[in-house]
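Q: after the sequence you'll find the predicted model.
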Amino acid sequence: MTNKELVAKCIDIAKNYKTLYVMGCFGAPLTGGNVTLYCQNHEYNRAADRTRMIKAAANQSPPVFGFDCVCLIKGILWGWNGDASRTYGGAGYAVNGVPDIGADTMIAKCKNVSSTGWNKMEVGEAVWCSGHIGVYIGDGLAVECTPRWENNVQITAVANIGPKSGYNARQWTKHGKIPYITYEVGGAVSTGSQAVSGGSTATISGIKVGDEVDFTGTKHYTSSNANNGKSFKPGKAKVTQIASTGKHPYHLVKSTGSASTVYGWVDAADIAAGASVQKGASVKVKKGAKTYTGGSLASFVYSNTYTVMQVDGDRAVIGQNGAVTAAVKVADLIIQ
């Protein structure tokens, strides 16, 4: 996994999944037997207030996933993919050459560890203070899982760099490069001692980071220049990175509610720009989406197909047979 892939996954979890701080949990959905397991697995979780929180989050649809600080990093590196049907959300245990270690041990194993140079950090570096760890995602921000503030996986400001409007801020002690990932610099891959350039593949004009596209292929790769890929399902996905000189120039993450399972680098030939949401389009609503003003939608809304009756900026009114169902965000609609 590259540093940019790690960052994209951290951001995806923070923004697109319901999570809860659960000590010793590396991405397990809080459903079924997992609820009892994680109420008992650690002294911290056995405290009455934490047990109540875990039980309150239990058996929701979509499910709440449990993480703690270092288990967020380990879970991702162990293969977590948000699969609610798997005991650990798709993660293995101590796989991919990544041991089961705590936050303090992980920073000790990091490379180029420093307590200065915060403004020069590379994305994907670990940020650490005693007993706690997060991941730097750029622009003065980090992703961390903490019981503080929102009690979940969240994006916070790195106070060592400076405050950021709208974000809680944490002062960290050290930062360093996680030894289990590869750090990419620009269009090349940093291996610590040399940079190896990739091949050349044309990108698609007009597609940019943040766009939703149709992934039409069946294979993705762990880096933009990897030789061997893994099979995944096609469907709607979001562009999270572009490596214009890579053999597989687009990094995709499945869209919320999409049938796709893609999470990796793909060929330009395997994506198509998504159609824009316009009046008259047939759409479905992404699972978990809210009304435009943040209200709840009935569960049946996510399984029905609707007609777009009106579009005004990022706001769309949807309905059936001329009757309005709801006003929602355009980004929460999937064109059929």
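A: On my side now, so go ahead.

Q: which residues touch residue 336?
A: When the contact criterion is C-beta atoms under 8 Å, 6 or more residues apart in numbering, the partners of residue 336 are 282, 283, 284, 305. No exception for glycine: its C-beta is placed from N, CA and C like everyone else's.

Q: these, buried ones only, as a ChimeraX selection?
A: In ChimeraX syntax, the buried subset of those is picked out as below (16 or more other C-beta atoms under 10 Å):
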select :283,284
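
Q: which of the contacts of residue 336 fall within strands?
A: 282, 283, 284 (DSSP state E).

Q: look up phi and psi at residue 240.
A: Main-chain dihedrals, residue 240, degrees, to the nearest 10: phi -110, psi -20.

Q: can you tell me the closest non-neighbouring residue to it?
A: In space, not counting the residues next to it along the chain, residue 240 is nearest to residue 8; the distance is 4.2 Å by C-beta to C-beta, 6 or more residues apart in numbering.

Q: for the one you found, helix, strand, or coil?
A: When states are read from DSSP: H, G, I helix; E, B strand; the rest coil, the local structure at residue 8 comes out as helix.

Q: what's the local residue count around it?
A: The local packing of residue 8 (other C-beta atoms under 10 Å) involves 25 other residues.

Q: same check, this time on residue 293
A: Around residue 293 there are 10 other residues, counting by other C-beta under 10 Å.

Q: need the contact list for it.
A: Remark: with contacts taken as C-beta under 8 Å, 6+ apart, residue 293 is in contact with residue 327.

Q: any idea how far residue 329 is from it?
A: For residue 293, the distance to residue 329 under the criterion C-beta to C-beta, to the nearest Å works out to 10 Å.

Q: same check on residue 270?
A: Shown here: residue 270 relative to residue 329, a distance of 27 Å by C-beta to C-beta.

Q: how about residue 129?
A: Note on residue 129: its distance to residue 329, by C-beta to C-beta, is 36 Å.

Q: all helices of the stretch 101-250 of the chain, in order?
A: 103-109 (DSSP state H, counting those that start in this stretch).

Q: in it, what spans have low per-residue confidence?
A: In the prediction, the stretch 101-250 of the chain carries residues with pLDDT under 70 at positions 185-206, 245.
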